[in-house]
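# Structure for this input, please:
(one chain, ligands or ions: 2)
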Amino acid sequence: MAKQPMLTFVDVGRDMPDKRDASIRNSDFHEIYAEYAAAKAAEQASRCSQCGVPYCQTHCPLHNNIPDWLRLTAEGRLQEAYELSQSTNTFPEICGRICPQDRLCEGNCVIEQSGHGTVTIGAVEKYITDTAFENGWVAPISPARDHAESIGIIGAGPAGLAAADRLRRQGVQVTVYDRHDRGGGLLTYGIPGFKLEKDVVMARIDQLREGGVEFALNSEVGEDISFEAIRGKHDAVLIATGVYKSRGLQAPGTNADSIVRAIDYLTASNRKSFGDDVEDFDSGELNAAGKRVVVIGGGDTAMDCVRTAVRQKAASVKCLYRRDRDNMPGSRREVQNAEEEGVEFVWLTAPRGFAGDPITGVMVRRMRLGAPDASGRQSPEVIDGADFVESADLVIMALGFEPEDLPKLWGIEGLEVTRWGTVQADFSTHATSLEGVYAAGDIVRGASLVVWAIRDGREAADAILDYIDAPANAIAAE
Ligand SMILES: Cc1cc2nc3c(=O)[nH]c(=O)nc-3n(C[C@H](O)[C@H](O)[C@H](O)COP(=O)(O)OP(=O)(O)OC[C@H]3O[C@@H](n4cnc5c(N)ncnc54)[C@H](O)[C@@H]3O)c2cc1C
Ligand code: SF4
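Ligands and ions are numbered 1, 2, ... in the order given. The predicted structure is shown next:
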């Protein structure tokens, strides 16, 4: 796999604490990881007790056969480990890097639960797939036979790409439409490069393209092409458009200059890492360099923003969150990483308004946690008379995402949505209320995880194959 030249700051991860020093931070990611991985992957894999009650596997949304590929790794049978791992996961190198393993496979490892520290499953999964790419073991997409049936996929994020891969391997014609100029969805323009290097994502896009998947990029459905035109062109359609409507705040001053949305900030930063001209970054609007940055929110997107701002050499980076550390939605590991990098968390605080235009400060209320609500979660309450002003030159709003109103945006009748605005789809087939139209990923689940998007995409592809009645050729042999 090609080296990633733009990285100068390395997230060495929780399983390499001995290497977290300044010299590493200025070195090249892949070289360090390669040195680390060969010995460490085998050592970690051999820690698996083969317990026979694989909670790790049950709690992986793809039900990866983790114990078996750990055993193969421990025995040095890496190619077999890779073959097994990729049989259930379309993008194991991506999940190995960015799944919140502490909430999924690793959090349920019996060794972790007995107090001895988890087997670092994600790091091993990443290692065996990176090794497979380096050694040419990753099979190109080359279907045994081509079929005339064609599928239109709207959205080139992990859900759309996982479906495209599975459909194309069956010889079906696949066109993926996306409004962006590159595929990958949030893998490309949301998640920062220090967590998921962009060449890793682009390698998969290249593989799909070389395997015959057509990409219709810069094609915004509803603007450049209509949904009905896509439906008319293909035998079935998969909607995999993700959720992009940023939640906002009703507070005085929210329209001031230098208050920006997390998705715009992260997209600009990711575009710069590709070497693109990004006007709003170059003008300073979406660049944290030298600024006092305040990020509002406590989820993983907020963590990505604070850590990106540190890398852009902000003067200071603070994160305001209305609950405390124990009650924040973001991953503990991410908070720890951010703190180690110099981010200050101002717990139990919420913005009351914004001063200045352009912004000069956030007017902040102090909160305390009150009685638990219906969900059992303690609700934040305002502490009267404890307000203060947090100075800021750039405020990034990371308050979460909601689905856009697709039926209205695309002028479609008969596409049912839930009361949250997500597309209503069958739990296992992902069929929507429209004949031959399927939906997968965040647009069905609401903001979720890459690994769930991959699972949905794979399942939707299988249901679409049944629907178009394409003769099965390769799935069993994959
Ligand atoms: C900042 C951030 C960080 C995250 N970090 C992690 C993480 O570390 N680990 C993890 O597991 N998950 C993470 N997630 C969540 C994860 O990225 C998503 O759950 C996942 O990408 C959803 O996949 P998807 O294919 O459904 O949608 P997306 O990845 O959002 O892809 C949807 C695609 O559809 C395209 N599209 C939308 N509308 C149209 C239209 N009208 N016409 C044409 N194309 C359209 C978009 O351009 C996009 O390319 C993160 C999310 C964010 C926002
Ligand atoms: S896909 Fe994610 S949850 Fe499943 S084994 Fe890999 S890292 Fe763990």
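
# Check the stretch 151-300 of the chain for the residue nearest ligand 2 and tell me.
Evaluated by C-beta to the nearest ligand atom, the stretch 151-300 of the chain has P158 as its residue closest to ligand 2, separated by 11.3 Å. Placement of C-beta: from N, CA and C, glycine included.

# Distance-wise, check that residue relative to R103.
Going from P158 to R103 by C-beta to C-beta, to the nearest Å gives 18 Å.

# neighbour-wise, which of these two wins?
Taking neighbours as other C-beta atoms under 10 Å, P158 and R103 compare with P158 leading, 32 against 14.

# Now the more buried one: closest residue in space, sequence neighbours ignored.
Of all residues not flanking P158 in the chain, A453 sits nearest, at 4.2 Å (C-beta to C-beta, 6 or more residues apart in numbering).

# Let me know how buried that neighbour is, in neighbour terms.
A453: 31 surrounding residues under other C-beta under 10 Å.

# surely it meets A156?
No: contact criterion C-beta atoms under 8 Å: A453 and A156 do not qualify, at 11.6 Å.

# For the chain, which residues score under the pLDDT cut-off?
For the chain, the stretches with pLDDT under 70 are 1-37, 470-478.

# List the strands paired with the strand of greatest length in it, with their directions.
Longest among the strand segments of the chain by residue count, using DSSP state E, is strand 361-372. Neighbouring strands of strand 361-372 in its sheet, by DSSP bridges, are strand 349-355 (antiparallel), strand 378-382 (antiparallel), strand 388-391 (antiparallel).

# list the buried ones in that strand?
Buried positions in strand 361-372, judged by neighbour count with 16 or more other C-beta atoms under 10 Å: G361, V362, M363, V364, R365, R366, M367, L369.

# ok, and what's touching stretch 338-356?
Residues from elsewhere that reach stretch 338-356, judged by C-beta atoms under 8 Å, 6 or more residues apart in numbering: 20, 249, 251-254, 256, 259, 296, 303, 306-307, 310, 316-325, 335, 361-369, 380, 382, 387, 389-390, 395.

# Check stretch 82-93 too.
The contact list for stretch 82-93 (C-beta under 8 Å, 6+ apart) reads 62-65, 68-69, 72, 95, 125-126, 128-133, 137-138, 158, 161-162, 165-166, 200, 204, 450, 454, 457-458, 478.

# tell me which residues in it are buried?
Within stretch 82-93, the residues that count as buried by 16+ other C-beta under 10 Å are Y82, E83, L84, S85, Q86, T88, N89, T90, F91, P92, E93.

# Serialize the residues you listed to a markdown table and add fields for secondary structure and distance to ligand 1.
Shown next, in a markdown table, are the buried residues of stretch 82-93 (DSSP: H, G, I helix; E, B strand; the rest coil; distance: C-beta to the nearest ligand atom, whole Å):
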| residue | secondary structure | distance to ligand 1 |
| --- | --- | --- |
| Y82 | helix | 21 |
| E83 | helix | 24 |
| L84 | helix | 22 |
| S85 | helix | 17 |
| Q86 | helix | 18 |
| T88 | helix | 16 |
| N89 | coil | 13 |
| T90 | coil | 12 |
| F91 | coil | 11 |
| P92 | helix | 13 |
| E93 | helix | 13 |
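
# export these to CSV and tack on distance to ligand 2?
Shown next, in CSV, are those (distance: C-beta to the nearest ligand atom, whole Å):
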residue, distance to ligand 2
Y82, 13
E83, 15
L84, 12
S85, 8
Q86, 11
T88, 8
N89, 5
T90, 10
F91, 9
P92, 6
E93, 10
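
# List the residues that contact the residue nearest to C48 when sequence neighbours are not counted.
Closest residue to C48 apart from its sequence neighbours, by C-beta to C-beta, 6+ apart: L70 at 4.2 Å. L70 sits next to Q44, A45, C48, A81, V119, I121, V124 when contact means C-beta under 8 Å, 6+ apart.

# And for A262?
By C-beta under 8 Å, 6+ apart, the contact set of A262 is S246, V295, G297, T301, A302, D304, C305, I396, M397, A398.

# cool, A45 as well?
By C-beta under 8 Å, 6+ apart, the residues touching A45 are L70, R71, T73, A74, V119, V124.

# ok, now W410?
If you count contacts by C-beta under 8 Å, 6+ apart, W410 has them with V221, G222, S226, F227.
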